[in-house]
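> The following block contains a protein sequence and its predicted model.
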Amino acid sequence: MKLSSRKYLLGNEAIAHGLLEAGVSVVSGYPGTPSSEIIPFIARTIEHYDKPPHVEWSVNEKVALEVAAGASYCNVRAAVTMKHVGLNVAADPLMTLAYTGVKGGLVLVVADDPGCYSSQNEQDSRRYAYFAKIPCLDPSTPQEAYHLTKYAFELSEKFEIPVILRPTTRVSHARASVILSGQYSDHRPAFFEKNPERWVMVPAHARLRHKELNRLQPLLRSELASLNRLKLKKSELGVITSGVAAKYVEEAVTKLKLEPSILRIAAHPMNDDAIVELINNTRKILVVEELEPVIEEKVNELSGMAEVFGKLTGHVPREGELTVDAVLKAFGQVIGRFVTTNIPAELIAAERTLPPRPPVLCAGCPHRATFFALKKVFKKSAIYVGDIGCYTLGVTQGTIDTTLCMGASVSMGSGFAAACGGDREIVSVIGDSTFIHTGVPGLINAVYNGAKMTLVILDNNTTAMTGHQPHPFTGETATGSCNFQTPMEDVIRAVGVQGLYVVDPYNLSETEEAFVKAKNGDGVQVIIARRPCVISAKKAGALAKTKKQVSSTCKNYFASCKLCGTLFCPSISFRDSCAHISEDCIGCGVCEQICEFDAIKTA
Amino acid sequence: MAGDKKFDCIIVGLGGQGSIFASGVLGETALREGFEVISAETHGMAQRGGTVEVHVRIGSSFGPLIPLRSADAIVGMEPAECLRFARYLSPEGTAILNTHVVPAAGSNYPPVANLIKALSASCGRVIAYDATRLALEAGHPQTLNVALLGTLSHLLPFSTLEDVLIEYVPKKALEANVRAFKLGQKYSKRNLSSSHL
């Protein structure tokens, strides 16, 4: 038995502790900001446990949820981690898993990203909970996330239903003092009981299970009522809030010296009772929640005579992330006391002079070289169908024209080809991890349906953007073991592509040559541009020791050239009519290869 | 315990400058000395070289994000980045910044003196020095974050900051880090004497 302790933990680490203390037996997931730290944390700590859980990076979120579902059917506790958009991929198993229900507790940790800090949208996972008719717990701090993780398993087992734990960025990526109980539950015994009416969702069984799912709804609402916190005060103003927004409300009312009645809703489906009680004791209600007006819509249904303010009335911003300042402003508008924060004019003026620092590919990133060669061969007129990864930043080099969702580059590419392939070159661009996530079916589909297109796989041997997680093409697993390295070339050849080339993007002439062949080839042509991510290479001590420098001859051609500037390399800047290469150059040599005046040399 | 004293601090810099490391040492020290602590790390899509913004709230039971114009201090690893987040600093707050510029590719960089002037006009006091040079003097340019942490230490009543630092840094970089911490502390002794907490 371990003793309780107090630690400075990332929200995701607190969740990982909750999973381990709950005696979870199987943990799966696919990386996605802000959820990615849970699985590596567990993988790092399992050596300390006598009976460690099975922990894995799965190829995508659908697969991850199905792995967890299989384990849960066998009576053991299972968890799956993903970001909000990952739940779209896992939605297919989720919707029917709600019907079959689970045996061992099954918790989906789905991290939402208000403000799209690292996402293509800001959808609200609470909507999925209502869609699937399953519970959703909404923590406001790392400490609560830890407690709710453990509670989620009890809830899941009591009702035999999957449960969503929905932290947002400011919970998952907050670091805080967290008290851990150190009380570990044992793993549940694993056994599978055959029961076709329960586990085989043919229509006749599904109809019955749907009825059961509906029967649970009022029971879930009364069970979860205990997680709501209602503090009634003698005030005509009431506030209903949830998640991290509840903390912003606490701070705003302290600053404004207000004492409204406050209801905090930490779980869904919502129970009406506390909402009705608040409505009966107030005249004006402000609803403050991250992302969608899920609670506000419910309050509007029940509001009666009370006036409701929130996202639907424009008092709280409906897009982007909430802040204490946004909540202060909302209170100001509702109570008619205008709250302003004055930013000094000198500061505003100086802010306007600051250089922007848009996200850029690292110095020496192999993607930059691939994009340069791509643009040179396929020109501006080609349509570049992009995907999700660091390489989305290729938009600055003019080689990313679309970004929709994981794997879409390949399948959308064949759609572009079907629509206008005769007139335009179609080039799809995808990373290695994204390719195995959902790109492979698109490639099979493109070949099968006779698309004419080029697919470029930017193979940097990792899932770079989310923090360098391994995947089947790397061979390494979440725990660092290696069972089998999926051979990328064999997979691609097996699909029946008409041309396959493997190049080193640092070698521009070789890369361009392959692109030319692909351009002139038939059907689906695939180029694998293979070179490890520079961050991994740096960590492995595999970078060249030499840097590049610019000679003074650059000045002679400067006015008409600046070709190296089209690389958008953060190491290259221009001043005094000359290019300059800074200290962070890693010596990839791409600028040296493209300089037409031999002005760049090894330092 | 530390009662109801509180200290809100913004730590900003570019990826790789060690903002998250500095905030980790600060937060861990606060925790060990009995304070509640919560922080928020914001880093966008860029893996390296992009802006990293950390809010650290010591003695606070609120959320991790500091409201505008209310931070007790801002620590800037780079002058433009420091100014970019200076609107969080309270009118009485302290700005501690490295004056060593990291140029932004393809953009003009304003004179650092102008940035310091704007900071001075909008907060209580500004401690600006070339922390990169100090770090080089200490033995490694990477220790600029620790030098600035040394300067910040005067605003805090912590006695174990250096101990936590020693625990956190890799052994081979220990000496340079301890030197940088002491140099940063010494640099500011005449400028900062009283604790904020």
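That came through, no problem. As the structure is a computational prediction, the values presented were derived from the model and not from experiment.
> helix or strand right after the helix or strand bottoming out on mean pLDDT in chain A?
For chain A, counting by mean pLDDT, DSSP states H and E, strand A:572-575 ranks last in confidence among helices and strands (a mean of 86). Using DSSP states H and E, the helix or strand that directly follows strand A:572-575 along the chain is strand A:578-581.
> tell me which strands and helices the longest helix anywhere in chain A is in contact with?
With secondary structure taken from DSSP state H, chain A has its longest helix at helix A:203-224. Judged by 3 or more CB pairs under 8 Å, 6 or more residues apart in numbering or on different chains; DSSP states H and E, helix A:203-224 is in contact with helix A:91-100, helix A:142-159, helix A:196-199. Glycine gets a C-beta too; all of them are placed from N, C-alpha and C.
> So for the shortest one, what gets flagged as buried?
Burial within helix A:196-199, assessed by neighbour count using 16 or more other CB atoms under 10 Å in any protein chain shown, is assigned to A:Arg198.
> which residues touch that helix?
Contact with helix A:196-199 is made by A:Tyr73, A:Thr100, A:Gly101, A:His205, A:Leu208, A:Arg209, as judged by CB atoms under 8 Å, 6 or more residues apart in numbering or on different chains.
> Repeat the analysis, applying 7 Å as the threshold.
A:Tyr73, A:Thr100, A:His205, A:Leu208 (CB atoms under 7 Å, 6 or more residues apart in numbering or on different chains).
> excluding its backbone neighbours, what's nearest the last one?
Distances taken as CB to CB, 6 or more residues apart in numbering or on different chains put A:Glu197 closest to A:Leu208, at 6.8 Å, once the chain neighbours are dropped.
> At the geometric centre of chain B, which residue sits there?
B:Val75 (2.9 Å; CA atoms, centre = their mean).
> what about that one, which helix or strand?
strand B:71-76.
> wait, what's in contact with A:Glu259?
A:Lys233, A:Ser235.
> Where is the longest strand in chain B?
strand B:89-98 (DSSP state E).
> I'd like the mean pLDDT over the next helix or strand after that one, please.
Using DSSP H and E, the helix or strand that follows strand B:89-98 towards the C-terminus is helix B:112-122. Taken as a whole, helix B:112-122 carries a mean pLDDT of 95.
> Likewise for stretch A:146-153?
On average, stretch A:146-153 scores 98.
> Give me the residues contacting that stretch.
Contacts of stretch A:146-153 (CB under 7 Å, 6+ apart): A:14-15, A:17-19, A:21-22, A:77, A:105, A:107, A:137, A:139, A:163, A:165, A:178, A:180.
> Only alpha carbons, please: show that stretch as PDB.
Taking Å, rounded to 0.1, in the frame of the first residue of the first chain, the C-alpha atoms of stretch A:146-153 are listed here in PDB:
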ATOM      1  CA  TYR A 146      -7.700  12.700 -11.100                       C
ATOM      2  CA  HIS A 147     -10.800  12.000  -8.800                       C
ATOM      3  CA  LEU A 148     -13.200  11.900 -11.700                       C
ATOM      4  CA  THR A 149     -11.000   9.400 -13.600                       C
ATOM      5  CA  LYS A 150     -11.300   7.000 -10.700                       C
ATOM      6  CA  TYR A 151     -15.100   7.700 -10.300                       C
ATOM      7  CA  ALA A 152     -15.600   7.200 -14.000                       C
ATOM      8  CA  PHE A 153     -14.800   3.500 -13.700                       C
END
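> Distance check, A:Glu592 against chain B.
18 Å (CB to the nearest CB, to the nearest Å).
> Phi and psi next, for that residue.
Geometry field for A:Glu592 lists phi and psi as phi -60, psi -40, criterion degrees, to the nearest 10.
> picking up where we left off before, most neighbours, which of the contacts of helix A:196-199?
A:Thr100 (25 neighbours; other CB atoms under 10 Å in any protein chain shown).
> before we move on, back to that, buried residues in the longest strand of chain B?
Quick answer for strand B:89-98 (16+ other CB under 10 Å): B:Leu89, B:Ser90, B:Gly93, B:Thr94, B:Ala95, B:Ile96, B:Leu97, B:Asn98.
> Settle this for me: the last one is touching B:Glu78, isn't it.
Yes - taking contact to mean CB atoms under 7 Å, the distance of 6.2 Å between B:Asn98 and B:Glu78 places them in contact.
> Please identify the residues of the stretch 1-150 of chain A in proximity to chain B?
A:Arg6, A:Tyr8, A:Tyr117, A:Ser118 (CB under 7 Å from any CB of the partner chain).
> The last one reaches A:Ser35, doesn't it?
No - checked against CB under 7 Å, the pair A:Ser118 and A:Ser35 is beyond contact range at 10.7 Å.
> ok, those two, which is more surrounded?
The residue with more neighbours, out of A:Ser118 and A:Ser35, is A:Ser35; 27 against 19, by other CB under 10 Å.
> where does A:Asp544 land on pLDDT?
Actually, residue A:544 is Ala. It isn't Asp. A:Ala544 is given a pLDDT of 81.
> Next: the one 3 residues further on.
Turning to A:Lys547, the model gives it a pLDDT of 92.
> cool, B:Ala46 as well?
Predicted confidence (pLDDT) for B:Ala46: 52.
> coming back round to it: out of the contacts of helix A:196-199, flag the one nearest to A:Gly480.
Of all these, A:Tyr73 has the smallest distance to A:Gly480: 28.4 Å, by CB to CB.
> OK, contacts around that closest one?
A:Lys103, A:Phe192, A:Trp199.
> Which of the contacts of helix A:196-199 sits closest to A:Lys517?
A:Tyr73 (49.5 Å).
> related to what we said a few turns ago, for the least confident helix or strand of chain A, name the packing helices and strands.
If you count contacts as 3 or more CB pairs under 7 Å, 6 or more residues apart in numbering or on different chains; DSSP states H and E, strand A:572-575 packs onto strand A:578-581.
> Now do the buried residues in the strand it packs on.
A:Cys578, A:Ala579, A:Ile581.
> Name all residues that make contact with the second one.
By CB under 7 Å, 6+ apart, the contact set of A:Ala579 is A:Val550, A:Cys554, A:Cys564, A:Ile572.
> Which of the residues you listed are buried? Put it as a PyMOL command.
In PyMOL, a selection of the buried entries from those looks like this (16+ other CB under 10 Å):
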select buried, chain A and resi 550+554+564+572
